[in-house]
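Undergrad: Test case, fold it:
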Amino acid sequence: MPSYANRYISSLTRETYALILAGGRGSRLHELTNWRAKPAVYFGGKHRIIDFPLSNCINSGIRRVGIATQYKSHSLIRHVNRAWGHFKKELGESVEILPASQRYGDEWYCGTADAVFQNMDIIRHELPKYVMILSGDHVYRMDYGALLAKHVETGADMTVCCIEVECEEAANTFGVMTVDKDKRVRRFDEKPAEPSSIPGKDGICLASMGNYVFNTEFLFEQLKQDAEREGSGRDFGHDIIPAIIEEHNVFAFPFRDPSHEGQPYWRDVGTIDSFWEANMELVSPEPQLDLYDPTWPIWTYQEQLPPAKFIFDDEERRGMAVDSTVSGGCIISGSVVRRSLLFSNVHVHSFCEIEGAVLLPGAIVERHCKIRNAIVDRGCHLPEGLVIGFDAEEDRKNGFRVSNKGIVLVTREMLVAYNQRKEQEADKLKTA
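TA: Numbering: from 1, shown residues only. So this is what the prediction gives:
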């Protein structure tokens, strides 16, 4: 029989409504988010970032989920409908898209708190006892049941999920908390330039993950007050949390790995470098993020594709991949792929050398290309003989983006401009 603890947590999850904030632009990803919101960015060979908080909800037993969208949301909405549209409302489960629809005025979502405020009537209709607000921007696996149980145990009005990060990493990026011995939040600074260290852990601070649990009526009360507060930025970090920590019970919930109580896997893949690094971590023999764990599957939409195919076994050209992840529908034809991650339907033609590459769905690499430490966006068609990642100045000259750590980003628009320049140069040579 299920234990009392399991039944208690399952009762809490049934009484919870989760709202995922998925309207972020992700401007530090530059051209990767020109046509898609950050939560819709591809990750890990098969998934999109939004699949991680959604899978965490479903695996935790939270089956009523709303997704607040705003910035360039078409690909995100299409993906959610395909991957998550099978839930049955009549069985008390649903994953619903909540686009900014000006329900309480003429404005679009003006901040994280406003995104929740504008959907209060939808949340109220679900009659939840607790509301969990989740960021749609991060990659991690977490059982939210433990978070809910701690929220109830402490008698909190609000619980903030947090993680230890280096102060240098948190500066100007994350909300930072100061807590007492009981984990009650005594101070909250939103994206400070100089975060305060945890006592006894110099250079380490307690950063908000952007995940919160509220008692429902308390949340509604605070959102209404904030909506009437002149000068408010309508944001949880900037406005709501600092306004309530003095008079209300706001507790921190440190996110820990349940297997060893150490630092868990959690990545904010918000820059070109961090996106590339997080994907590269997955091709190691034993990555910290185990996508092969059947006890905590990461659900997503998958096309019906044939298996990956490796062809030619001649000395001069051999189709092979080493220390790499290769998705369905891929064809590696007489080329060597090392320490790389290939999404679905990537085709690498013969005599190519590819190392440290993240090739997004549908990328085509023509013969004799050399690619190193690069991200190639969806649907890119690399012309024959193109060299990427060996000379930063040449990459910039070719119109590609080179990150601070030397990672090269290539998109379809960049390739169109590159091909036009090459055609113009060829025409000049003909007329010279």
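
Undergrad: The residue nearest to Leu32 when sequence neighbours are not counted: neighbour count?
TA: Leaving aside its chain neighbours, Leu32 sits nearest to Val41 (5.9 Å; criterion: CB to CB, 6 or more residues apart in numbering). Glycine gets a C-beta too; all of them are placed from N, C-alpha and C. Val41 has 22 neighbours, counted by other CB atoms under 10 Å.

Undergrad: all helices for the stretch 201-350 of the chain, in order.
TA: Along the stretch 201-350 of the chain, the stretches classed as helices by DSSP state H, counting those that start in this stretch are 216-228, 241-244, 272-281.

Undergrad: Cys162: what secondary structure?
TA: strand (DSSP: H, G, I helix; E, B strand; the rest coil).

Undergrad: unless I'm mixing things up, it is touching Arg256, no?
TA: No. Contact criterion CB atoms under 8 Å: Cys162 and Arg256 do not qualify, at 10.6 Å.

Undergrad: hmm, back to that, please name the residues that touch the residue nearest to Leu32.
TA: Gly26, Leu29, Leu32, Thr33, Arg48, Ile49, Val269, Phe275 (CB atoms under 8 Å, 6 or more residues apart in numbering).

Undergrad: May I have the phi/psi pair for it?
TA: Main-chain torsions, Val41, degrees, to the nearest 10: phi -70, psi 140.

Undergrad: try Val179
TA: Per degrees, to the nearest 10, the backbone of Val179 is at phi -130, psi 160.

Undergrad: Could you report the pLDDT at the residue nearest to it when sequence neighbours are not counted?
TA: Closest residue to Val179 in three dimensions, ignoring its sequence neighbours and counting by CB to CB, 6+ apart: Ala252, at 4.8 Å. Looking at Ala252, its pLDDT is 96.

Undergrad: What is the burial count for Ala252?
TA: 24.

Undergrad: picking that back up, turn the helices of the stretch 201-350 of the chain into JSON lines, including mean neighbour count and distance to His86.
TA: Output for these, formatted as JSON lines (neighbours: other CB atoms under 10 Å; distance: least, CB to CB, whole Å):
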{"stretch": "helix 216-228", "mean neighbour count": "17", "distance to His86": "27"}
{"stretch": "helix 241-244", "mean neighbour count": "19", "distance to His86": "36"}
{"stretch": "helix 272-281", "mean neighbour count": "20", "distance to His86": "28"}
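
Undergrad: Tell me the strands beside the longest strand seen in the chain, with direction?
TA: Looking across the chain with DSSP state E, the single longest strand is strand 204-215. In the sheet containing strand 204-215, its partner strands are strand 130-135 (antiparallel), strand 158-166 (antiparallel), strand 175-179 (antiparallel), by DSSP bridges.

Undergrad: between it and helix 216-228, how many degrees?
TA: Here strand 204-215 points in a direction 110 degrees away from that of helix 216-228 (axes from the mean of the first three to the mean of the last three CA atoms, to 10 degrees).

Undergrad: For the lowest-mean-pLDDT helix or strand in the chain, enumerate the helices and strands it packs against.
TA: Within the chain, no helix or strand scores below helix 4-14, which has a mean of 77 by mean pLDDT, DSSP states H and E. The contact analysis (3 or more CB pairs under 8 Å, 6 or more residues apart in numbering; DSSP states H and E) places helix 4-14 against helix 144-154.

Undergrad: Would you mark the buried spots in the helix it packs on?
TA: Neighbour-count burial for helix 144-154, counted by 16 or more other CB atoms under 10 Å, picks out Tyr144, Gly145, Leu147, Leu148, Ala149, Lys150, His151, Val152, Thr154.

Undergrad: residue ranges with poor pLDDT in the stretch 101-250 of the chain?
TA: In the predicted model of the stretch 101-250 of the chain, residues 101-106 satisfy pLDDT under 70.

Undergrad: For Cys162 and Arg256, indicate the residue with more neighbours.
TA: Between Cys162 and Arg256, counted using other CB under 10 Å, the more crowded position is Cys162 (24 against 15).

Undergrad: Cheers, nothing more for now.
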